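A.B. asks: turn this into a structure:
(one chain, ligands or ions: 2)
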Amino acid sequence: MFTSDNLNAGDTHTLFLNDKRLTMTGKQTNPIEEKWLVATPGQIPGAEGKDSVLRDIQVASWRNQGFTFVSGILPADLLAELKDHAGRISPPPGSPDAAAITDFGSGGQLTFPSQVQALNRVTLHENILSATAQLLGEEVPNLRLTQSDLWPKYGREGKSGEQDNLDQRIHVDYPNHTLAHPAPWHRPEAVEMILYLDNVEQTGGASAVVPRLGEDDPAYRWPIVDSPGIGDLRYVNDRVSAEAYFADERPHLAEWRASLYERERYTRFAPGDILFYRHDTWHRGTPMNAGTRRLVQNITYRRAHCEWISTLHVGWAWKAYRDNKHLEKLIAASSLDQRAVLGFPQPGSDYWCAETIAGVEARYGMFGMDMTPYRLNH
Ligand SMILES: O=C(O)CCC(=O)C(=O)O
Ligand SMILES: [Fe+2]
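C.D. replies: Residues are numbered from 1 along each chain as shown. Ligands and ions are numbered 1, 2, ... in the order given. Reported below is the predicted structural model:
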């Protein structure tokens, strides 16, 4: 994973990160180059007699190191459509509206289920579902969607304060995704994704991850509580402010926190690359190039039985009643797997009886919903 193999010998790419100049040169290794993660291609379903989206080595990386960085599993035309629509909805870089955005998320503007069809199609894309199922060793109908938010991050000089999102503190995502604590490492309950729609060369803003190095890795000490915002620690987002606060509150662990930053690897992303990671993976967002905008879509799926993992958006049904009936049409047009991951009753569920089949058909039949699979199984 930590290679520059996809660069030609002699090619160099220079990026700036945390005020450090990082140069990447093809077919050579040096400590700085090894800081970059280059996405590796997934398998195309059906190719080489295989029908898995991720290669075994990618699954192993996610399960052991806490992430895998993958390219080429979503169609280029879908990605282009998504970027085009999202780019028109998100404020342009340099605008006053953009300057006001200093935190994570789209504020509900670009969350699933969206009027932007491409956002929904990416969220429920069969390759996304299959890859997630592979990582968790689960069947697709046993997955549940809990997050899908497409959001802009803007590069600028200076920070807005201790909650600024530009240069994040190293963290794990579980505290505001689950009511509990992640289960032991080999029982992962959820898959998180960052889908990038831009080039890191242009925008900067790589995501940093800390690869887990085996069972006794001190970075992955247990329980996972040594980060601002967890337990009685105050939440502070910005790296410098967060580490100053942490050093005051837990001086004996300041060096340990510093070691996480030293071990960071950075996603050298291109459009369509996806970082698959976990609720218990140390990672963070890093500064961007001033005057640029980076669009990413964060997607999370959990195992169906892990109800302690929260859905981060309003319930899917809350988007009903729109004049264009986008939710109703989405449900009618979805596959059984796609409906299942939204919690829709599956064929064979106790829910189905003559009355419910007739009722659901009366609600969605005019949008083309085929009730046959539910009829056959009740
Ligand atoms: O922006 C990024 O690259 C990572 C963001 C992130 O980790 C977060 O907001 O929790
Ligand atoms: Fe995060």
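
A.B. asks: who in the stretch 251-378 of the chain is up against ligand 1?
C.D. replies: When proximity is defined as Cβ under 6 Å from any ligand atom, the stretch 251-378 of the chain approaches ligand 1 at 283-285. Yep, even glycine has a C-beta here, placed from its N, CA and C like the rest.

A.B. asks: what sits against the closest residue to ligand 1 within the chain?
C.D. replies: Residue nearest to ligand 1 within the chain (Cβ to the nearest ligand atom): residue 285, separated by 2.8 Å. Neighbouring residues of residue 285 by Cβ atoms under 8 Å, 6 or more residues apart in numbering: 153, 165-168, 205, 207-208.

A.B. asks: that one and residue 156, how far apart?
C.D. replies: For residue 285, the distance to residue 156 equals 14 Å [Cβ to Cβ, to the nearest Å].

A.B. asks: skip the chain neighbours and tell me the closest residue to residue 300.
C.D. replies: Using Cβ to Cβ, 6 or more residues apart in numbering and skipping the chain neighbours, the partner closest in space to residue 300 is residue 147 (3.8 Å).

A.B. asks: on the three-state scheme, that neighbour is what?
C.D. replies: strand (DSSP: H, G, I helix; E, B strand; the rest coil).

A.B. asks: do you have the strands of the stretch 151-300 of the chain handy? List them.
C.D. replies: For the stretch 151-300 of the chain, the strands defined by DSSP state E, counting those that start in this stretch occupy 190-196, 207-209, 265-267, 274-277, 283-285, 293-303.

A.B. asks: need those strands in CSV with mean pLDDT and distance to residue 184, can you?
C.D. replies: What follows is these, written out as CSV (pLDDT from 0 to 100; distance: least, Cβ to Cβ, whole Å):
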stretch, mean pLDDT, distance to residue 184
strand 190-196, 98, 14
strand 207-209, 98, 20
strand 265-267, 98, 24
strand 274-277, 98, 17
strand 283-285, 98, 19
strand 293-303, 98, 15
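
A.B. asks: got TSV for these, with distance to residue 320 too?
C.D. replies: What follows is these, written out as TSV (distance: least, Cβ to Cβ, whole Å):
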stretch	distance to residue 320
strand 190-196	26
strand 207-209	34
strand 265-267	37
strand 274-277	30
strand 283-285	34
strand 293-303	22
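
A.B. asks: mind checking which of those strands is nearest residue 227?
C.D. replies: Closest approach to residue 227 among these (Cβ to Cβ): strand 283-285, 10.3 Å.

A.B. asks: remind me which residues of the stretch 151-300 of the chain are low pLDDT?
C.D. replies: Low-confidence segments of the stretch 151-300 of the chain (pLDDT under 70): none present.

A.B. asks: for residue 51, report the pLDDT, please.
C.D. replies: With respect to pLDDT, residue 51 scores 72.

A.B. asks: same question for residue 26.
C.D. replies: With respect to pLDDT, residue 26 has a value of 42.

A.B. asks: let's number from 22 now, not from 1
C.D. replies: In the new count, where the first residue is 22, that last one comes out as residue 47.
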